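Student: pasting the sequence and the predicted coordinates here, then a few questions.
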Amino acid sequence: MAADRSRADSLRWTAQGTETFFGALATLPDDLLDQPTALDGWTGRHLLAHVAANADALVNLAHWARTGEETPMYSSPAQRDADIEAGATRPAAELRAWAAQAAQALDARLAELDEQQWNRKVRTAQGRTVPAEEIPWMRAREVMVHAADLGAGVEFDDLPADFLAALIDDITAKRSGADGPALTLTATDHGGTWTVSGAGDPAPVTGTLADLAAYLSGRRSGGGPWPVLPRWL
């Protein structure tokens, strides 16, 4: 967890992101959910099923934190993918209701955690062992970024600046030391700079917080010849 990202921040961003995501979703007619999104191979239905299933998976981690009973997010990566594919075939009204109910259930389960439980170690779908207080950050990331993926008028530029800076912190840490190019990133509207260790001499990347967050998460190529990045998550 980034040193300047508190649990309160993550809970606030989860609430803001949930409001942003479902506000955008409410403006999207059912027939447009059948259209492709910027995510390869996914329609709006797949995206909505993913956001719903993600909330259910994070409820599992909240249960793990509360009880100490190991409850993985998903039974397997293959099952996660199968659940998204199956969810995408549900009637639109049912799919919307699932996403909303799952989000509400996650909020309720997180509200039950006490200080000791927030510090209990759980395991992410990527196999990282983290304290349970990482759960709201994981959810904030999902609802904020996917609000922009919906194609319903929300862009990275519309997301809170402090969230974008925290997202850049998170992604640069994950990308450092992995397969990918070395980068030096500079925000024109923040004063922040970040580095990603990787192959070759660091490539300079300069843009707004929104530009940098979108680029690092694989959503925007930027205004110049920025290096191609491998998958983030």
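Tutor: Happy to help now that I have it.
Student: point out the other helices and strands that the strand or helix carrying Gln116 packs with.
Tutor: Using DSSP states H and E, Gln116 sits within helix 115-118. Under the contact definition 3 or more C-beta pairs under 8 Å, 6 or more residues apart in numbering; DSSP states H and E, helix 115-118 sits against helix 44-67. Just so you know, the C-beta spots here come from the backbone N, C-alpha and C atoms, and that holds for glycine as well.
Student: how far does the helix it packs on sit from the chain's center?
Tutor: Helix 44-67 sits 12 Å away from the centroid of its parent chain (C-alpha atoms, centre = their mean, to the nearest Å).
Student: which is the next helix or strand following it?
Tutor: helix 77-87.
Student: average model confidence for the helix holding Gln116?
Tutor: For helix 115-118, the mean per-residue pLDDT is 98.
Student: list the buried residues for it?
Tutor: Neighbour counts using 16 or more other C-beta atoms under 10 Å place Gln117, Trp118 of helix 115-118 among the buried residues.
Student: is it true that Gly152 touches Thr20?
Tutor: Quick fix: residue 152 reads Ala, not Gly. No - using C-beta atoms under 8 Å, Ala152 makes no contact with Thr20, being 10.0 Å away.
Student: who has more neighbours, those two?
Tutor: Thr20 (21 against 17; other C-beta atoms under 10 Å).
Student: helix, strand, or coil at the more buried one?
Tutor: Each residue gets one of three states, and Thr20 gets helix by DSSP: H, G, I helix; E, B strand; the rest coil.
Student: got a list of what it touches?
Tutor: Residues in contact with Thr20 (C-beta atoms under 8 Å, 6 or more residues apart in numbering) are Val143, Met144, Ala147, Val154, Asp158, Leu159.
Student: how much space between the second one and Gly127?
Tutor: Taking C-beta to C-beta, to the nearest Å as the measure, Met144 and Gly127 are separated by 23 Å.
Student: likewise the first one?
Tutor: From Val143 over to Gly127 the distance is 23 Å, taken as C-beta to C-beta.
Student: who has more neighbours, the two?
Tutor: Val143 (23 against 6).
Student: my read: the more buried one touches Val51, true?
Tutor: Yes - with contact defined as C-beta under 8 Å, Val143 reaches Val51; the gap is 6.8 Å.
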